[in-house]
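Student: Quick one, what's the 3D model for this:
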Amino acid sequence: MTDQDLKPYLAAAAANLTYNAPLGRDRAADLVRRLAPTGASWRALDLGCGSGELLLRLCATHGIAGDGVESDADAVARAHLRATELGVADRVTFHSANAATWDRPADLVVNIGAGHIWGDTTQALAALHRLTLPGGRLLFAGGFYQATPSDRVRETFGELPDLSSLTRLTVDAGFRPLHVAVSTLAEWDDFESDWRAGIEHLRTPRARAFADQRRDEYLDGYRNVLGFGWLILTPA
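Tutor: Model (predicted):
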């Protein structure tokens, strides 16, 4: 399928998710707690924010303002609606733009599964270091291999580090890791199931075939192989 062919399926999948990542409710609440501001006037920034759910919860819980940057116009539209629902539309602004062009640093920076915006992980961490103010925090989340991938899985996801190597990359980029955790298998299973369910809602033969393909790729390929790490970092 071309990127244009995939677009409606990816949009349907994303629309059925609270978070477009293997992130459960308990972990989300724990991350919000751990990312509590340590200053009186902190501002948050989510780069590649999708529909902005975690940014909105951070701002709603801690009473801070923030910016979300996302190139997908449909996701930005959902983010605006959600901000109104949570009562934070007056202090959270969403920008329909390429996050790689953003140049205003913030105290609390979030980048979940979107390091590819800048290229590879090293380039992403270098950019995010420039955008995280001294004394601030960065929540960086992304994929790693927790077991040796098959050739097919490696072809799909590319060259990824293991968790230890991923953490060392953050140190090399000038951060100190404050918290390192990984998505559980249950979080992965829920995420993959909910992702496919969004496509099933389209109720077309092609959509169901695509959902079947994704299910087989997960169960027969990257389940228990692809991990997802959650790292809270501070500039050294």
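Student: what sits up against stretch 26-35?
Tutor: Outside of stretch 26-35, the residues within contact range by C-beta atoms under 8 Å, 6 or more residues apart in numbering are 19, 54, 57-58, 61-62, 108, 137, 139, 178-179, 181, 183, 187, 230, 232. Using the backbone N, CA and C atoms, a C-beta is placed for each residue, glycine as well.
Student: Now that stretch: average pLDDT?
Tutor: On average, the pLDDT along stretch 26-35 is 98.
Student: ditto for stretch 56-76
Tutor: Stretch 56-76 comes out with an average pLDDT of 96.
Student: Enumerate every residue touching H116.
Tutor: Contacts for H116 were tallied using C-beta under 8 Å, 6+ apart; they are A124.
Student: In three-state terms, how would it be classified?
Tutor: For H116, the assignment made with DSSP: H, G, I helix; E, B strand; the rest coil gives helix.
Student: Just the pLDDT at it, thanks.
Tutor: According to the model's per-residue confidence, H116 sits at a pLDDT of 94.
Student: Give me the neighbour count for D5.
Tutor: Other residues within reach of D5, judged by other C-beta atoms under 10 Å, total 10.
Student: next one: stretch 82-99 to chain centre, how far?
Tutor: Computed by C-alpha atoms, centre = their mean, to the nearest Å, the separation of stretch 82-99 from the middle of its chain amounts to 16 Å.
Student: what do you get for stretch 90-100?
Tutor: With C-alpha atoms, centre = their mean as the basis, stretch 90-100 stands 15 Å off its chain's centre.
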